[in-house]
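K.L.:
Prediction below, plus the sequence it came from.
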Amino acid sequence: RIAQELVNNIVKHAEAEQVNAEWVTGDEEWTLTISDNGKGFDVHSHPGVGLTNIQTRAELIGGVIKMDSQPGKGTWVQLAIAR
């Protein structure tokens, strides 16, 4: 559901031409990284409902969300879940 919400946000808001997704299963954690080359946003602004839902869902499964985005430079989001 987290990946679906991230992709929905890209489709609705990012105006991206490219989306990358990577799933890595490590010895200590699993990571899902999704990035785009869209218009980006100010991560310090008030989060929308979609980003709030992503954060809440991550916490419910013991995951941690890391995010980086800058206006005009796209967005990078990583979900890490301990094994």
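P.N.:
Nice, I can see it.

K.L.:
need the strands for the chain, in chain order.
P.N.:
19-25, 29-36, 63-69, 75-82 (DSSP state E).

K.L.:
could those go into a markdown table alongside distance to residue 57?
P.N.:
Using the backbone N, CA and C atoms, a C-beta is placed for each residue, glycine as well. A markdown table is the format used below for those (distance: least, CB to CB, whole Å):
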| stretch | distance to residue 57 |
| --- | --- |
| strand 19-25 | 16 |
| strand 29-36 | 12 |
| strand 63-69 | 8 |
| strand 75-82 | 9 |
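
K.L.:
Output these as TSV; include the columns mean pLDDT.
P.N.:
TSV is the format used below for those (pLDDT from 0 to 100):
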stretch	mean pLDDT
strand 19-25	98
strand 29-36	98
strand 63-69	96
strand 75-82	97
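
K.L.:
Ok, which of those comes nearest residue 45?
P.N.:
Proximity to residue 45, assessed across the strands of the chain by CB to CB, is greatest for strand 63-69 (10.1 Å).

K.L.:
Mind giving me the packing neighbours of that closest one?
P.N.:
Packing partners of strand 63-69 (3 or more CB pairs under 8 Å, 6 or more residues apart in numbering; DSSP states H and E): helix 49-60, strand 75-82.

K.L.:
Quickly run through the sheet partners of it, with directions.
P.N.:
As defined by DSSP bridges, the strand partners of strand 63-69 come to strand 75-82 (antiparallel).

K.L.:
now the partner strand against helix 49-60, angle please.
P.N.:
Between the axis of strand 75-82 and that of helix 49-60 there is an angle of 20 degrees, by axes from the mean of the first three to the mean of the last three CA atoms, to 10 degrees.

K.L.:
Kindly format the C-alpha coordinates of strand 75-82 as PDB.
P.N.:
Extracted in PDB, the C-alpha atoms of strand 75-82 (Å, rounded to 0.1, in the frame of the first residue of the first chain):
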ATOM      1  CA  THR A  75      11.800  13.400  -5.200                       C
ATOM      2  CA  TRP A  76      13.500  10.400  -3.500                       C
ATOM      3  CA  VAL A  77      11.700   8.300  -0.900                       C
ATOM      4  CA  GLN A  78      13.000   5.200   0.900                       C
ATOM      5  CA  LEU A  79      11.200   2.800   3.200                       C
ATOM      6  CA  ALA A  80      13.400   0.700   5.400                       C
ATOM      7  CA  ILE A  81      12.000  -2.300   7.400                       C
ATOM      8  CA  ALA A  82      14.100  -4.300   9.800                       C
END
